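**Q** from the sequence below, what's the structure:
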Amino acid sequence: MKPVIITQQWIKSFVLQLNFCPFAKLPFEENRIHYLLEYREEEEQIYTRLVEEMQYLLHDNSFETSLIILPNALKSFQAYLDFLVVAEQLVNTLGFEGIFQIASFHPAYQFAGTAPEDVENYTNRSPYPMLHILREKSVTWAIHHHPDATQIPQQNIARLEALGKEAIKKRWNELRAKN
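**A** A predicted model of the protein is given here:
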């Protein structure tokens with residue numbers, strides 16, 4: 001359970017305190033995030049868990065979203081990205097397109113065109129590789145009710161730059177030390 005606790009601490013100290021996602025607070029406070037801990041490393045097993053979790057969410061509305069936490073798998077960011085391409089194809093193949101989408105988080109997350117330690121990468125860095133399953137209707141509703149959802153990424157980057165790279169790295173290292 002330690003990875004789940006660390007993930008919850010990451011949500012508090014990064015996602016909520018830094019307001020990376022203005023839509024995350026309510027599901028977190030209402031305990032409507034399903035945390036699925038998958039220790040297996042084999043990609044086929046992870047794909048199976050992804051499918052099972054989408055089917056679970058399809059039939060159970062008590063959770064708004066789900067985080068599949070992968071503490072032992074996909075440690076290389078490139079391997080994670082390769083996996084993610086197939087996972088997104090799987091969503092479409094199974095007919096879940098328009099129902100679910102996958103958001104990506106990884107300890108070494110790096111946006112294209114950035115250096116590994118550029119501050120904006122921390123918006124998608126997490127303590128473990130994760131697959132975040134979002135309900136498409138919730139995303140659509142949130143975007144529709146936000147004053148300007150297109151500005152969220154730029155606001156996140158500005159917030160991180162204002163805090164400074166050293167402060168963000170210190171916060172990150174404190175979280176990682178608990179791992």
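**Q** list the contacts for the residue nearest to residue 99 when sequence neighbours are not counted?
**A** By the measure of Cβ to Cβ, 6 or more residues apart in numbering, the closest residue to residue 99 outside its immediate chain neighbours is residue 136, 5.6 Å from it. Heads up, the C-betas are built off the backbone N, CA and C, glycines and all. Contact partners of residue 136, counting by Cβ atoms under 8 Å, 6 or more residues apart in numbering, are 98, 99, 100, 101.
**Q** what does residue 30 give?
**A** Under the contact definition (Cβ under 8 Å, 6+ apart), the residues listed for residue 30 are residue 64.
**Q** check what pLDDT it gets.
**A** Predicted confidence (pLDDT) for residue 30: 93.
**Q** phi and psi next, for it.
**A** Backbone dihedrals for residue 30, given as degrees, to the nearest 10, come out at phi -90, psi 10.
**Q** residue 90 now?
**A** Note on residue 90: backbone dihedrals following degrees, to the nearest 10 are phi -60, psi -40.
**Q** which SS state does the residue lying closest to residue 38 once chain neighbours are set aside fall under?
**A** Once its chain neighbours are removed from consideration, residue 38 has its nearest residue in residue 49; the separation is 5.0 Å (Cβ to Cβ, 6+ apart). Remark: residue 49 carries the secondary structure label helix [criterion: DSSP: H, G, I helix; E, B strand; the rest coil].
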